[in-house]
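Participant: predicted model follows, preceded by the sequence.
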Amino acid sequence: MSSLRPRGLDALQHRDFRNYLFSRLLATVAAQMQVVAIGWQVYQITGSFTKLGFIGLAQFLPFMLLVLVAGQVADRHDRRLIINLCMVAQLIGSAILLVFTQSGLHAIWPVYLVLGLLGSARAFAMPATKAIVINLVPTEAFGSATAISSSAFQVATIAGPVLGGFLYLLGPQAVYTPALILLFAASLLMTRVRTRRERVQDPAPMSLQNALEGLRFVRSRPVVLGAISLDLFAVLFGGCVAMLPAYARDVLHVGPQALGFLRTAPAVGAVLTAAGLAFFPIQRHVGRWMFGGVVTFGLATIIFGLSHQLWLSMLMLLLLGAGDMISVYIRQILVQFETPDAVRGRVSAVSAMFIGASNELGEFESGMMAGAFGLVPSVVLGGCATLLVAAAWAGLFPALSRADRFQSGKSAET
């Protein structure tokens, strides 16, 4: 049985993990700054809920087309190099957004094209980033690395929207320019990362059959399938982040600075939770904890949808982020511990496909629901749907709900 004893910041003793961590931190700050700028810019130009929803769809379509292929690439090639190339693609996207903004155009199709590029880069980056962490630290430090890596991501999603919101007061170009600089620095740091991964001997050829190996593996592990699909449907129906620009302006009657804080609130809840998990990791009743996190996410979404006060909305977004972090933490460890390294990229691609569907497709679903039922009713209905998903999955995947401890190769039941 693997050890997940409280190891605090042990993973930071490893230089390659530190370089990876700070590279990912800078790149995520840049991406989150741009999220605020793109959302506010699109809503300012169009005033349309559905156009906000199309932001997610523009990233989702290329992501879904490429992610299974990307899993094969992550198993056959240098994961560090893949991540770096994706950062370069993000940098190019930032440059195009900057040129578009300075040109003074009011058509938004160039923004959707850039989002397609970013979605393609994310398709290749997600399997590689999910599969690489376990190659950067010893096995006994993986629990610490998972919590720290999640914390760093959440710190970036705290800093990025706040910076983006304040910089947007000077115009969207004031967001895209520093994003370029941060992505360049992130790429340089990634070149200094070296992995512990053993060279793959005679890798299987690129083919549809091998691309689908990750799906076959996930189907053969009910606990992994349950954990990944629970996250997919819970966030798909319950996600409300895509509508925050409209919610800030039309319900809470605040500006882009407050939007930055609203975008940050889930990350604050998540990073506080992840920091606690780094020192006090969940070791028993992991299934119950995961379902508890999803239920917290759903309830917080419902109350957020009904709120017309900025402080209450912020508080609910904090709780939403905390619940999501618990679910993410358990899912990441379950998937990585139960997956051989030879197929870890492909399995991570399946996980990324589900997460991408829940995030980007969820943004599109949120836009369509808001257009059909109104902004507030769509958010409340989404939170109720999340609670129904949790109840259904407890019955469909009893092995997940009864999972007690993390073990390498399997999860012990109570």
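Facilitator: Structure received. Computed from a prediction, not measured in an experiment: that's the story for all the values here. Residues are numbered from 1 along each chain as shown.
Participant: and stretch 378-393, how far out from the chain's middle?
Facilitator: Shown here is stretch 378-393, whose average C-alpha point lies 20 Å from the average C-alpha point of the whole chain (C-alpha atoms, centre = their mean, to the nearest Å).
Participant: give me the contact list for that stretch.
Facilitator: The contact list for stretch 378-393 (C-beta atoms under 8 Å, 6 or more residues apart in numbering) reads 226, 229-230, 233-235, 237-240, 243, 247, 291, 294-295, 297-306, 366, 369-370, 372-373, 400-401. In this view, the C-beta of every residue, glycine as well, is placed from N, C-alpha and C.
Participant: may I have it as PDB, with CA atoms only?
Facilitator: In PDB, the C-alpha atoms belonging to stretch 378-393 read as follows (Å, rounded to 0.1, in the frame of the first residue of the first chain):
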ATOM      1  CA  SER A 378     -30.400  28.400 -15.100                       C
ATOM      2  CA  VAL A 379     -27.800  28.600 -12.200                       C
ATOM      3  CA  VAL A 380     -30.200  27.200  -9.600                       C
ATOM      4  CA  LEU A 381     -31.300  24.400 -11.900                       C
ATOM      5  CA  GLY A 382     -27.700  23.500 -12.500                       C
ATOM      6  CA  GLY A 383     -27.000  23.200  -8.800                       C
ATOM      7  CA  CYS A 384     -30.100  21.000  -8.400                       C
ATOM      8  CA  ALA A 385     -28.900  18.800 -11.200                       C
ATOM      9  CA  THR A 386     -25.500  18.400  -9.500                       C
ATOM     10  CA  LEU A 387     -27.200  17.000  -6.400                       C
ATOM     11  CA  LEU A 388     -29.200  14.600  -8.500                       C
ATOM     12  CA  VAL A 389     -26.000  13.400 -10.200                       C
ATOM     13  CA  ALA A 390     -24.300  12.700  -6.800                       C
ATOM     14  CA  ALA A 391     -27.300  10.700  -5.700                       C
ATOM     15  CA  ALA A 392     -27.400   8.700  -9.000                       C
ATOM     16  CA  TRP A 393     -23.700   8.000  -9.000                       C
END
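Participant: flag every buried residue along that stretch.
Facilitator: 378-387, 389-390, 393 (16 or more other C-beta atoms under 10 Å).
Participant: cool, stretch 139-147 as well?
Facilitator: Buried residues in stretch 139-147 (16+ other C-beta under 10 Å): 141-147.
Participant: same check, this time on stretch 183-195
Facilitator: 183, 185-187, 189-190, 193, 195.
Participant: likewise stretch 218-225?
Facilitator: Counting neighbours by 16+ other C-beta under 10 Å, stretch 218-225 gives 218, 221, 223-225 as buried.
Participant: how about the residues you listed in a markdown table, adding secondary structure, distance to residue 71 and pLDDT?
Facilitator: Listed next are the buried residues of stretch 218-225 as a markdown table, based on DSSP: H, G, I helix; E, B strand; the rest coil; distance: C-beta to C-beta, whole Å; pLDDT from 0 to 100:
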| residue | secondary structure | distance to residue 71 | pLDDT |
| --- | --- | --- | --- |
| 218 | helix | 11 | 80 |
| 221 | coil | 16 | 81 |
| 223 | helix | 20 | 81 |
| 224 | helix | 15 | 81 |
| 225 | helix | 16 | 85 |
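Participant: shouldn't residue 332 be within a strand?
Facilitator: No - looking at residue 332 with DSSP: H, G, I helix; E, B strand; the rest coil, it is helix, so not inside a strand.
Participant: quick one: buried residues of the host helix or strand of residue 371?
Facilitator: According to DSSP states H and E, residue 371 maps onto helix 362-373. Neighbour counts over helix 362-373 (16+ other C-beta under 10 Å) mark 362-371 as buried.
Participant: so what does the host helix or strand of residue 81 touch, helix or strand wise?
Facilitator: If you go by DSSP H and E, residue 81 is part of helix 79-103. In terms of contacts (3 or more C-beta pairs under 8 Å, 6 or more residues apart in numbering; DSSP states H and E), helix 79-103 is packed against helix 15-46, helix 49-76, helix 109-132, helix 173-190.
Participant: in stretch 38-54, what's buried?
Facilitator: So, applying 16+ other C-beta under 10 Å, buried residues of stretch 38-54: 38-43, 48-49, 51-54.
Participant: just to revisit the earlier point, mind putting the buried residues of stretch 218-225 into a markdown table with distance to residue 282?
Facilitator: Formatted as a markdown table, the buried residues of stretch 218-225 follow (distance: C-beta to C-beta, whole Å):
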| residue | distance to residue 282 |
| --- | --- |
| 218 | 22 |
| 221 | 19 |
| 223 | 15 |
| 224 | 17 |
| 225 | 20 |
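Participant: got the angle for the helix holding residue 371 vs helix 15-46?
Facilitator: Helix 362-373 runs at 20 degrees relative to helix 15-46, counting by axes from the mean of the first three to the mean of the last three C-alpha atoms, to 10 degrees.
Participant: any idea of the mean pLDDT in helix 362-373?
Facilitator: Average pLDDT, helix 362-373: 76.
Participant: export it as PDB, just CAs?
Facilitator: Output in PDB follows, covering the C-alpha atoms of helix 362-373 (Å, rounded to 0.1, in the frame of the first residue of the first chain):
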ATOM      1  CA  GLY A 362     -20.400  23.200 -19.400                       C
ATOM      2  CA  GLU A 363     -19.700  26.800 -20.300                       C
ATOM      3  CA  PHE A 364     -21.700  26.300 -23.500                       C
ATOM      4  CA  GLU A 365     -24.500  24.600 -21.700                       C
ATOM      5  CA  SER A 366     -24.600  27.400 -19.200                       C
ATOM      6  CA  GLY A 367     -25.000  30.000 -22.000                       C
ATOM      7  CA  MET A 368     -27.700  28.000 -23.700                       C
ATOM      8  CA  MET A 369     -29.600  27.500 -20.400                       C
ATOM      9  CA  ALA A 370     -29.300  31.100 -19.500                       C
ATOM     10  CA  GLY A 371     -30.600  32.100 -22.900                       C
ATOM     11  CA  ALA A 372     -33.600  29.700 -22.600                       C
ATOM     12  CA  PHE A 373     -34.600  30.100 -18.900                       C
END
